[in-house]
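K.L.:
when you get a sec, could you give me coordinates for this:
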Amino acid sequence: MKAPNQVYRKNFSLIIALLAMITVILIIALVVAYNLTGKNVESEFSLKKNNVYEQTTGGYWDFFKARVPELTSYQGLLNPISAGNYAGTVFRDYPFVKKIVYYEVLIGAKPDNKLAITARSVYQFTPYRDTVITAKLENKVNDNDFVIMADKFGTYITNYDTTRGPAAEEIFRTYYNIKPGKISYLNEPRSEDLKAYRDLLKTRSKQSYKQDMMVFVLDVHGLKIANPYPELYQNISIQQLTYDPLNIDHNKVITDELALPGAFADYKLYFTSPRDYLTAEINRRFMPVGGTVLLIYIFMVIIGWLIYRNLNVNMKLFKLQYDFINNFTHEFKTPVSVIKIAGSNLRGEGELSDRQLKHYGKILDEEADKLNELMNKLLSFTQLENKSITIKKDKIDVNAFAQGYIDTFKIKYPDFKLHCSVKDVKFFYTDPVLLGSVFQNLMENAYKYSPHNNKELFIRIGLERRNIVFMFIDKGIGIPKNELNNIFKKFYRLENQYNQNGSVGLGLAFCKELVNFMDGELTVQSKVNEGSEFKVTLPYEN
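P.N.:
The predicted model follows:
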């Protein structure tokens, strides 16, 4: 009788479909995550250039908003020496300032009701290592930079309204002149000074006032380019505003640009990165995301595998339970049926001869012994597992012990060819009952699982290091390689013609437990259709 196939169903199609669905979801998730990461990196390439711009031009804005207006604090009292000291600090702090031209400006009145704005002297400051070179310029007194600033200031004084202060826009338009690579600045007079300049136009006084004017000559290449995002920008350069190379393949290179401010307005920051360069950053950012998705996938697969394994274990347990009940019932049913038949004959109305009585009595005795042996095996197995029995060691004659079982089996199975070889050992201290159970079960198996025309067993006993070894070598049907790890499991049976009737799968499991209980080891080597070799290794005590 076979166990029903529908108790636990292995729906492999459903399992494969589930794994396929999880795998497709994983692939889609990875593709979407990778594309989003790529778009995020390209978006950052465009957005974070503003941070590069701010850090690169930060020095320029500090110079323009703080150091240039610092001239006003001197209130026109600079001289060539103090102006040179001021220029030295500017050169030190702002490498993009390459030259400073200083004008000592005198403001007086003209007969035609206009201001007389003249340059009394002009000095040029240039950096050289850690010093400042000062040179007086004679031909710069009426240069274009000075003339422009003088005209702007003169116009402002002519139109100046003394009843209100100057607006911020007026201050910038009057005191600053910004050209490519150059900033001109005239220090901003105080309100009383502006009123005095306005009065000069009315009184035509010969009094004059002093102002300071400086022209800062700048080199855009002196700006220090900051690149806080080297993973995004492979190259950042300063190029002319009209720079637009035609040999760039925008399918392979991504570019962007930002115009520089103020005196550098005819230049721009130019950002370039090959797309392969950004791919490395995309991959770097994608790795944690991809790793997380992959871990989730592995976690789901492991859960699925655990569920499948649990169902598989349940199937095996159910099969073992079913086989055990089926075979155990068969083992009990046969002797019980025989006993019942013999009992019915004994209770029959006809008289039985002494020979018949003895025959039925022998049958009852043998079948009762079978039932008792089966029950004892189950009981002993349970006791072994619970460690509820003790080893009672005794000194045995190894050769006599083995020969006794050989003689018994020769009587029981006349067609069983048995051979025994004992080498280098005579006596051995062990529990003869437990060792005898091992002998009996292994010899029974050798007989049971051998072809009817080749029932043969070789028993070899000898010493190996500090152990005694019992070898049981048969020429039976053998055990498949994939079953070698299962044959010692309780209630496990090999599916073959020799197991159709009369096995509950306890014999080898019982032997394994017995040998382990005696601190030994039971191993097997086997080849299908060639035979099996069971090796029992026990600690040797002489």
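K.L.:
tell me what Lys182 is bridged to.
P.N.:
Beta-bridge pairing for Lys182 (DSSP bridges): Lys179, Val217.
K.L.:
what about it, distance to Leu260?
P.N.:
14 Å (C-beta to C-beta, to the nearest Å). The way it works is simple: take the backbone N, C-alpha and C, and place the C-beta from them, glycine included.
K.L.:
of those two, which one has the most company?
P.N.:
Leu260 (20 against 15; other C-beta atoms under 10 Å).
K.L.:
I'd say that one and Leu269 touch.
P.N.:
Yes - if you go by C-beta atoms under 8 Å, Leu260 and Leu269 touch, sitting 6.6 Å apart.
K.L.:
ok so Ser121 is a strand residue?
P.N.:
Yes - per DSSP: H, G, I helix; E, B strand; the rest coil, Ser121 lies within a strand segment.
K.L.:
ok, now which ones touch it?
P.N.:
Ser121 is in contact with 80, 103-104, 136, 141, counting by C-beta atoms under 8 Å, 6 or more residues apart in numbering.
K.L.:
please produce JSON lines containing those, extended by pLDDT and secondary structure.
P.N.:
Formatted as JSON lines, the contacts of Ser121 follow (pLDDT from 0 to 100; DSSP: H, G, I helix; E, B strand; the rest coil):
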{"residue": "Pro80", "pLDDT": "93", "secondary structure": "helix"}
{"residue": "Tyr103", "pLDDT": "94", "secondary structure": "strand"}
{"residue": "Glu104", "pLDDT": "93", "secondary structure": "strand"}
{"residue": "Lys136", "pLDDT": "91", "secondary structure": "strand"}
{"residue": "Val141", "pLDDT": "65", "secondary structure": "coil"}
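K.L.:
list only buried entries from those residues.
P.N.:
With burial judged by 16 or more other C-beta atoms under 10 Å, the buried subset of these is 103-104.
K.L.:
farthest-separated two in the contacts of Ser121?
P.N.:
The span of the contacts of Ser121, defined through C-beta to C-beta, is set by Pro80 and Val141 at 14.6 Å.
K.L.:
for Ser273, grab the count of nearby residues.
P.N.:
For Ser273, using other C-beta under 10 Å, the count is 23.
K.L.:
next one: Tyr360
P.N.:
17.
K.L.:
what of Glu533?
P.N.:
Here the number of neighbours of Glu533 (other C-beta under 10 Å) works out to 16.
K.L.:
same question for Phe172.
P.N.:
11.
K.L.:
so who does Glu231 touch?
P.N.:
Going by C-beta under 8 Å, 6+ apart, Glu231 touches 280-281, 284.
K.L.:
pLDDT score for Asn454?
P.N.:
If you check Asn454, the pLDDT there is 85.
K.L.:
so how far is Lys481 from the closest residue to it other than its chain neighbours?
P.N.:
Leaving aside its sequence neighbours, Asn454 sits nearest to Lys475 (C-beta to C-beta, 6 or more residues apart in numbering; 5.4 Å). According to C-beta to C-beta, Lys475 and Lys481 sit 18 Å apart.
K.L.:
how about Ile391?
P.N.:
From Ile391 to Lys481 the distance is 34 Å (C-beta to C-beta).
K.L.:
before we move on, back to that, which of Lys475 and Lys481 has more neighbours?
P.N.:
The neighbour count for Lys475 versus Lys481, taken as other C-beta under 10 Å, is higher for Lys475 (18 against 10).
K.L.:
if I pick the more buried one, what's in contact with it?
P.N.:
450, 454, 456, 530-531.
K.L.:
before we move on, back to that, and the contacts of Glu231, which is closest to Ala446?
P.N.:
Nearest member of these to Ala446, counting by C-beta to C-beta, is Arg284, at 65.8 Å.
K.L.:
gap between that closest one and Leu278?
P.N.:
Applying C-beta to C-beta to Arg284 and Leu278 gives a distance of 10 Å.
K.L.:
who has more neighbours out of these two?
P.N.:
Legend: neighbour count by other C-beta under 10 Å for Arg284 and Leu278, higher for Leu278 (21 against 12).
K.L.:
where along the chain do the helices fall?
P.N.:
12-47, 49-62, 80-93, 144-158, 168-175, 191-203, 275-346, 354-385, 398-412, 432-448, 507-517 (DSSP state H).
K.L.:
which parts of the fifth one are buried?
P.N.:
By 16+ other C-beta under 10 Å, the buried positions in helix 168-175 come out as 174-175.
K.L.:
what do you get for the first one?
P.N.:
By neighbour count with 16+ other C-beta under 10 Å, helix 12-47 contains the buried residues 18, 26, 29-30, 33-34, 37-38, 41-42, 44-45.
K.L.:
could you redo the residues you listed as CSV and give each row pLDDT?
P.N.:
Putting these into CSV (pLDDT from 0 to 100) gives the following:
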residue, pLDDT
Leu18, 79
Leu26, 87
Ala29, 87
Leu30, 90
Ala33, 89
Tyr34, 91
Thr37, 91
Gly38, 91
Val41, 92
Glu42, 90
Glu44, 92
Phe45, 92
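K.L.:
wait, which of those residues is closest to Ala109?
P.N.:
For those, the nearest to Ala109 is Phe45 (60.1 Å; C-beta to C-beta).
K.L.:
please tell me how far the residue lying farthest from the centre of the chain sits from Phe534.
P.N.:
What lies farthest from the middle of the chain is Glu351; by C-alpha atoms, centre = their mean that is 88.2 Å. From Glu351 over to Phe534 the distance is 51 Å, taken as C-beta to C-beta.
K.L.:
could you do Phe264 as well?
P.N.:
93 Å.
K.L.:
sorry, back to before: closest one of the contacts of Lys475 to Ser191?
P.N.:
Of those, the one sitting nearest to Ser191 (C-beta to C-beta) turns out to be Glu530, at 118.8 Å.
K.L.:
least trustworthy helix or strand in the chain by mean pLDDT?
P.N.:
helix 354-385 (a mean of 68; mean pLDDT, DSSP states H and E).
K.L.:
tell me the pLDDT of the residue most central in space within the chain.
P.N.:
Central residue of the chain (C-alpha atoms, centre = their mean): Gly291, 4.9 Å from the mean position. Gly291 carries a pLDDT value of 89.
K.L.:
what number of residues lie near Gly404?
P.N.:
With other C-beta under 10 Å as criterion, Gly404 counts 15.
K.L.:
ok, the closest residue to Phe428 other than its chain neighbours - contacts?
P.N.:
Using C-beta to C-beta, 6+ apart and skipping residues adjacent in sequence, the residue nearest Phe428 is Val398, 5.2 Å away. If you count contacts by C-beta under 8 Å, 6+ apart, Val398 has them with 422, 425-428, 461, 468.
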